[in-house]
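**Q** Return atomic coordinates for the entry below.
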Amino acid sequence: MPDPSARTLAHPAPPPPASVTAPPLRVSLALLALVLMPFPIVVHGWGDPTLAYDYVTILFPVDVALAGLLVVGIGPLVGRIRRRAIGLGAGLWTAFAVVMTVTWFFHPSARGLHRTFELWGVAVLADALTDAATSGYGSLVVGAVTFVAVLESVWAIVQQITRSGLGLTRLGEDPHPFYPFTPSVWAPMGSMVHPYVLAGLALVGGGTAAWWGVRTGRLHWLVLAAIAVVPVGFTFSRAGLLSLGLLAGGFALGALPPGERRRPCALAALLLCVGFVVPAAVWSSGWRIRADQTSSATSADAVTTDRGALIRQGWDTLTAHPLTGVGPGRYVIALEARATSARARKTGVVKPVHNVVLLVGAEGGVLALLVMAALYVGVGWRSLRAGVLALGIYLAYLPFSMLDHFPYSFPQGLLVTGVWLAVLDWLWRVRRDPTRAGEAAAQAR
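**A** Purely as a prediction, here's the structure:
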């Protein structure tokens, strides 16, 4: 059976009469939040400034945009929920935010209040971006996501080449923006807080740009996608390598059936691979050392960088607080304070469990865990039904969600997660209404 989306690519609907309209305030604030996300400038902080982020409360510029977005966007969000018109990703994330808000009342803290506020901000962000993309502002949404991803990619490339920062500490760049895997292998961060957060942004931004390039038939989007994923090649993340393979594989599968999108899908898969392979080859010593670390490991915890121990800690925390968890944003604080943290002292590891579902369960209880698990399963099922390109974008972020914590634990990661959910909700609507998506693609031409 022919793919309806292929017909849309071949014969897009004619664009509407030319007119220039400013996007609604809600959309403008959502895009502003995306643009501010990469800059972790401390506007104000509460707590001991010598402690790590896990122990303090920090207000960032993106929080200001999220506050405005909440004011103007919570009403439309509630309205779409009542009409059952909200995307599955945004809807389940909203349910998760409700659960964590209730949890906060059992464990009130300034840090928890800030985390809960961010969860609501991400819910409104995901809903606003999806609604904007399906209402004629698709190229604007993709442009903003791609701009941020490419900006961070170029920033990190310069850092990697010069082996130093750009001196942009006033924009949030760390004075020494590298993460040391070994004394000789450092991965740049751009202005992100960790190389893996940079890799996550690269995959979501690159995947979004590649899909839009296939959708519109415009080569420059595919080139920008290749530039966006470059950091995956020198952040030396095994999860990132797996994610890139899954993303490119989705586009490669999209090139198998005959049709108008065969060539752009094949080109997208090729350019995504080139975007990774070239930097990975230039800085191949880092990958060789990471491979040696994996092959020479003598235990499961050594292979997984103590993820097994972290999983056990997370499970212990969840079973000790099954109903209300330990409170939003308080996992590490609670882990250190627990009398049964002998396991943590034994392993010398006190940090968030590297699994988003278990982490939110430990902080919010069993109900939070079930809602988050339903989100990943439900969005994954819809992505599978939406086609191989949607599935590739879904799988591109899944390894980080299951093997790391940044998609939930830090504002930059939360915003990337919101974008990921918005794009997947959008792709589902494209699948259900290809004619409307064709109009958006035609406008982009």
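
**Q** By average pLDDT, which secondary structure element in the protein comes out worst?
**A** Using mean pLDDT, DSSP states H and E, the weakest-scoring helix or strand in the chain turns out to be helix 4-10, at a mean of 40.

**Q** and the next element down the chain from that helix?
**A** helix 25-36 (DSSP states H and E).

**Q** What helices and strands are in contact with that next one?
**A** helix 61-82, helix 110-132, helix 138-162, helix 411-432 (3 or more C-beta pairs under 8 Å, 6 or more residues apart in numbering; DSSP states H and E). C-beta: built from backbone N, CA, C; applies to glycine.

**Q** need those helices in a markdown table with mean neighbour count and mean pLDDT, can you?
**A** Below are those laid out as a markdown table (neighbours: other C-beta atoms under 10 Å; pLDDT from 0 to 100):
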| stretch | mean neighbour count | mean pLDDT |
| --- | --- | --- |
| helix 61-82 | 18 | 96 |
| helix 110-132 | 25 | 97 |
| helix 138-162 | 21 | 97 |
| helix 411-432 | 26 | 96 |
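
**Q** Output these as a markdown table; include the columns distance to residue 313.
**A** Converted to a markdown table, these look like this (distance: least, C-beta to C-beta, whole Å):
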| stretch | distance to residue 313 |
| --- | --- |
| helix 61-82 | 29 |
| helix 110-132 | 19 |
| helix 138-162 | 31 |
| helix 411-432 | 20 |
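
**Q** Which among those helices is found nearest to residue 265?
**A** helix 411-432 (14.2 Å; C-beta to C-beta).

**Q** just checking, residue 202 touches residue 225?
**A** No - counting by C-beta atoms under 8 Å, residue 202 sits too far from residue 225 to count as a contact (9.7 Å).

**Q** out of those two, which sits in the busier spot?
**A** residue 202 (33 against 29; other C-beta atoms under 10 Å).

**Q** For residue 58, pull up the helix or strand it's in.
**A** With DSSP H and E as the criterion, the answer for residue 58 is strand 57-59.

**Q** Identify all contacting residues around that strand.
**A** 42-47, 110-111, 114 (C-beta atoms under 8 Å, 6 or more residues apart in numbering).

**Q** Pipe these into JSON lines and attach distance to residue 380 per row.
**A** As requested, the contacts of strand 57-59 are arranged in JSON lines below (distance: C-beta to C-beta, whole Å):
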{"residue": "42", "distance to residue 380": "36"}
{"residue": "43", "distance to residue 380": "36"}
{"residue": "44", "distance to residue 380": "38"}
{"residue": "45", "distance to residue 380": "37"}
{"residue": "46", "distance to residue 380": "37"}
{"residue": "47", "distance to residue 380": "37"}
{"residue": "110", "distance to residue 380": "35"}
{"residue": "111", "distance to residue 380": "31"}
{"residue": "114", "distance to residue 380": "29"}
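
**Q** quick check, nearest of the residues you listed to residue 142?
**A** Using C-beta to C-beta, the contacts of strand 57-59 come closest to residue 142 at residue 43, 28.8 Å.

**Q** Quick check, pLDDT for the nearest residue to residue 62 once chain neighbours are set aside.
**A** Ranked by C-beta to C-beta, 6 or more residues apart in numbering and with sequence neighbours excluded, the top spatial neighbour of residue 62 is residue 36, at 4.3 Å. Residue 36 carries a pLDDT value of 97.

**Q** Now for residue 36, how many residues are close by?
**A** Residue 36 has 21 nearby residues by other C-beta under 10 Å.

**Q** Just give me the neighbour total for the nearest residue to residue 69 once chain neighbours are set aside.
**A** Once flanking residues are discounted, residue 69 sits nearest to residue 29: 4.2 Å by C-beta to C-beta, 6+ apart. Residue 29: 24 surrounding residues under other C-beta under 10 Å.

**Q** Good, wrapping up.
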